[in-house]
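# no sequence on hand, only this structure:
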């Protein structure tokens with residue numbers, strides 16, 4: 001099924017999505033993308049449904065063809081301070097503010113959005129599988145964050161971040177159990193099922 005190019009014709013819509021909410025480590029990353037209203041690419045879809053190679057091949061296409069795009073983060077410290085939901089909203093707000101064009105409307109992936117921006121918005125549940133601009137944002141955010149976690153894995157090799165991007169896999173949990181946490185771990189998250197009395 002082909003994704004929709006816009007929610008409403010004749011207005012500038014920015015698709016917004018974030019990745020990394022369920023991770024134990026690393027920032028949450030958001031992206032915002034404004035595509036031309038007549039843009040169509042059958043390969044663009046929810047980033048989770050695409051292979052790593054497919055996502056990476058689409059990156060330059062999205063950046064070149066979009067009218068505007070931006071990627072932003074909320075840090076581990078911000079996640080621990082204001083919680084992951086509000087940090088996700090913050091990262092998305094930062095991405096929107098970094099666009100070199102002010103959109104008329106935001107298409108937000110998910111069922112909730114809160115910010116002090118005055119731009120009207122529509123929340124779209126599973127929007128990365130419905131609208132091209134949200135799917136494009138999900139691809140930009142995921143590739144950026146996966147690359148970041150692969151780089152961090154070189155410095156912190158015990159957690160398999162190059163494979164799990166900070167998500168709570170068995171290898172990641174075992175790394176925490178054996179080696180403790182790092183500066184990139186979210187202290188407000190339950191890093192281990194039992195916490196095991198470790199100094200996390």
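In hand now; what should we look at? Quick caveat: nothing in here was measured; it's all calculated off a predicted structure.
# state the distance from the spatially closest residue to residue 184 that is not a sequence neighbour to residue 138.
Spatially, and ignoring its direct neighbours in sequence, residue 184 is nearest to residue 25 (4.7 Å; CB to CB, 6 or more residues apart in numbering). Glycine gets a C-beta too; all of them are placed from N, C-alpha and C. When distances are taken as CB to CB, to the nearest Å, residue 25 and residue 138 turn out to be 20 Å apart.
# which of these two has more neighbours?
Neighbours per residue (other CB atoms under 10 Å) separate residue 25 from residue 138, with residue 138 holding more: 30 against 27.
# just checking, next helix/strand downstream of the lowest-mean-pLDDT helix or strand in the chain?
Evaluated with mean pLDDT, DSSP states H and E, the helix-and-strand set of the chain has its lowest mean pLDDT in helix 52-65, which scores a mean of 93. Sequence-wise, the next helix or strand beyond helix 52-65 is strand 68-74, with elements assigned using DSSP states H and E.
# how about the secondary structure of residue 14?
strand (DSSP: H, G, I helix; E, B strand; the rest coil).
# where do the helices of this protein begin and end?
Secondary structure of the chain (DSSP state H): helices located at 52-65, 76-82, 84-98, 132-155, 161-164, 170-179.
# other SSEs contacting the third one?
When contacts are defined as 3 or more CB pairs under 8 Å, 6 or more residues apart in numbering; DSSP states H and E, helix 84-98 packs onto strand 13-19, strand 28-34, strand 68-74, helix 76-82.
# of those, which approaches residue 116 most closely?
Closest approach to residue 116 among the helices and strands packed on helix 84-98 is made by helix 76-82 (13.8 Å; CB to CB).
# helices and strands around the closest one, which ones?
Partner elements for helix 76-82 (3+ CB pairs under 8 Å, 6+ apart): helix 84-98.
# ok, now with 6 Å
When contacts are defined as 3 or more CB pairs under 6 Å, 6 or more residues apart in numbering; DSSP states H and E, helix 76-82 packs onto no helix or strand at all.
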